[in-house]
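Visitor: pasting the sequence and the predicted coordinates here, then a few questions.
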Amino acid sequence: MLPVIVENVPLAPLTTLGLGGAARFFAEIAFAAEMTPALTWAKDKKLPVFTLGGGSNVVVADEGFAGLVLRLRTRGRRWCDDSGETRVEVEAGEAWDDVVAEAVAREAAGIECLSGIPGSTGAAPVQNIGAYGQEIASAIRRVRVLDRQCLDTHELDAGACGFGYRDSIFKREPERFAILSVTLALAKNGPPLVRYAELDAALAGRPGLANVREAVLALRRKKSMVLDEADPNRRSAGSFFTNPVVTAAAAGGLPEDMPRFPLPDGRVKLAAGWLIEHAGLAKGFRMGPVGISSRHALALVHHGGGTTKDLLRLALHVHQTVLDRFGVSLIPEPVFLGMVWPD
């Protein structure tokens, strides 16, 4: 059944940044079966389509989006325990942190370090969300998708999703698939994953998944990385830039005290937040109505009354400042709607 399609719906209130214009057409998808009729409707009208989840990782152009925005509101979590493994199929519209909370309550390990990450479950594989040494790719068994080219539904196993660091086939080919549900395979009564010294110190020797979740949430709150209406840094898209990955030779030419993390392929991951601060851009830096979070150098914040152009101007300033100082190019993490990041 075709969902109700309305015109000229403001998108700013549906994003955590609170920026951007309106969608030319907009519909809420309450059931997966509504997706095909909606895509067919858009195809007949030769309109581009964008699927919106929680709006926590998207930057909308001031001019809005001249197509159809489908906001996923599908719900459902189906759990199954079998031979020491806990599996759950989650509908794309479910809030991601609700899934983590239930997994921890069920003593199912594998996503506890991803606590507090805002947004929907359907958006999680797109960015291959990760934190504190854990990525969703390691827990994904399969992703049920609607192929937007032929409008057939099928399942992709984790290997077919092309996961990389904050990357996937869904991010590289945004117009190909619509994610309908995600199936996770977790370790029943498994041990928590603690790879980062910061998290280990916060735990102070307390074992268990629940304590890891509590510690992660506390760390994220200190960095304004948990949605909180009382937080002055609340209007952000989380980390605006990914941690850059460079060759070992390139890393060798950078300051010795710079945090770096060797990768299995011989390359080196750098800390984008460190680069920003040591390039001379301190936490709390402002450019009018936008600025760098006072608690986390990687988060760009809209303080109110600004525009997406203001945010883009700040982002480009941060990018250029780091490039001039260290010769390292920062890559944005959010999805841009109705605009592109200048190469």
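Guide: The structure has been received and is ready for your questions.
Visitor: where along this structure do the helices fall?
Guide: Secondary structure of the chain by DSSP state H: the helices cover 35-44, 96-105, 124-127, 169-172, 197-203, 209-222, 248-252, 272-278, 308-326.
Visitor: packing partners for the first one?
Guide: Counting by 3 or more C-beta pairs under 8 Å, 6 or more residues apart in numbering; DSSP states H and E, the packing neighbours recorded for helix 35-44 are strand 22-29, strand 49-52, strand 65-72, strand 140-147, strand 177-188. No exception for glycine: its C-beta is placed from N, CA and C like everyone else's.
Visitor: thinking again about what came up before, pick the most buried one from the helices of the chain.
Guide: Compared across the helices of the chain, helix 124-127 shows the largest average neighbour count, a mean of 26 (mean count of other C-beta atoms under 10 Å).
Visitor: quick revisit: so which of the helices and strands packed on helix 35-44 gets nearest residue 233?
Guide: Residue 233 lies closest to strand 49-52 among the helices and strands packed on helix 35-44, at 22.6 Å (C-beta to C-beta).
Visitor: for that closest one, C-alpha coordinates in CSV please.
Guide: Output in CSV follows, covering the C-alpha atoms of strand 49-52 (Å, rounded to 0.1, in the frame of the first residue of the first chain):
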residue,chain,number,x,y,z
VAL,A,49,14.8,9.1,-3.0
PHE,A,50,16.6,9.4,0.3
THR,A,51,15.9,7.1,3.3
LEU,A,52,16.0,8.9,6.6
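Visitor: if we can go back for a sec, out of the helices of the chain, which gets nearest to residue 294?
Guide: Minimum separation from residue 294 across those (C-beta to C-beta) falls at helix 209-222, 11.4 Å.
Visitor: hmm, who's touching the closest one?
Guide: 100-101, 104-105, 107-109, 112-113, 115-116, 131-132, 192-194, 198-199, 202-203, 206, 226, 228, 295 (C-beta atoms under 8 Å, 6 or more residues apart in numbering).
Visitor: now it: average pLDDT?
Guide: Helix 209-222 shows a mean pLDDT of 98.
Visitor: likewise for stretch 104-117?
Guide: 98.
Visitor: swap in stretch 171-182?
Guide: For stretch 171-182, mean pLDDT rounds to 96.
Visitor: and it, how far apart are its ends?
Guide: Stretch 171-182 has an end-to-end distance of 16 Å (C-alpha to C-alpha, to the nearest Å).
Visitor: quick check: which ranges of the stretch 151-300 of the chain have low pLDDT?
Guide: Residues of the stretch 151-300 of the chain meeting the criterion pLDDT under 70: none.
Visitor: please report how far residue 162 lies from residue 184.
Guide: 18 Å (C-beta to C-beta, to the nearest Å).
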